[in-house]
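Peer 1: From the sequence below, what's the structure:
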Amino acid sequence: MISFAPNWKARLILSRVFGAFLILSAFSMWLMPGSVVGADVWPLKLAASMLFLIVGVSLLTIEILDPRPDAYFDPIRQEVRVLQKNEEGRPQTVLRRSYDTLGGARFDDDEVQLYDVDGSLLMKLPLQSADVSRALKGQLSQSVTIFA
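Peer 2: Below you'll find the model as predicted:
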């Protein structure tokens, strides 16, 4: 299955570059040769430079919240928790499952698939490295069936 997702890093870089360009334009509008003009153009130039400055600063300070949930494996409580950010950006628990209630886990090269007791796929999680995969496999192997 192919899924397309927006490239948020590229959008963030482009918005910051464009924001810096607008801020520089707001100030350079007054410093360029020929910037001394009649009194009839001065208010328009002031409004344009203020607009460029406000939009540029807002583009520089924009932060993109990642709406994807995070999964945490708790070795002390022997449970997996899925947290998702709410409207204020604070994480909230949307799923909490004990390791005993999981049907099994399958480890691939760069992901782990957790299955429910009935055999249906519960979640698919990417893994950053082989070390993370080994540590998670060791943690889950005590109470979850590991599929080959």
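Peer 1: In the protein, where is pLDDT below threshold?
Peer 2: Residue ranges of the chain with pLDDT under 70: 1-6, 34-38, 64-67.
Peer 1: Kindly list the longest helix within it.
Peer 2: Ordering each helix of the chain by length in residues (DSSP state H) puts helix 8-31 first.
Peer 1: Now the element after it, going C-ward?
Peer 2: Downstream of helix 8-31, the first helix or strand assigned by DSSP states H and E is helix 42-60.
Peer 1: Could I get the CA-only coordinates of that next one as CSV?
Peer 2: The C-alpha coordinates for helix 42-60 follow below in CSV (Å, rounded to 0.1, in the frame of the first residue of the first chain):
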residue,chain,number,x,y,z
TRP,A,42,5.0,57.3,2.1
PRO,A,43,1.8,55.8,3.9
LEU,A,44,1.5,53.1,1.2
LYS,A,45,5.2,52.2,1.6
LEU,A,46,4.9,52.2,5.4
ALA,A,47,1.8,49.8,5.3
ALA,A,48,3.6,47.5,2.8
SER,A,49,6.7,47.3,4.9
MET,A,50,4.7,46.6,8.1
LEU,A,51,2.8,43.9,6.3
PHE,A,52,6.0,42.3,5.0
LEU,A,53,7.5,42.5,8.5
ILE,A,54,4.5,40.9,10.3
VAL,A,55,4.0,38.1,7.7
GLY,A,56,7.8,37.4,7.6
VAL,A,57,8.0,37.1,11.4
SER,A,58,5.0,34.8,11.5
LEU,A,59,6.5,32.6,8.8
LEU,A,60,9.8,32.4,10.8
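Peer 1: May I ask you to confirm that residue 49 is in contact with residue 28?
Peer 2: No - counting by Cβ atoms under 8 Å, residue 49 sits too far from residue 28 to count as a contact (9.3 Å). Quick note: C-beta positions are derived from backbone N, CA and C, even for glycine.
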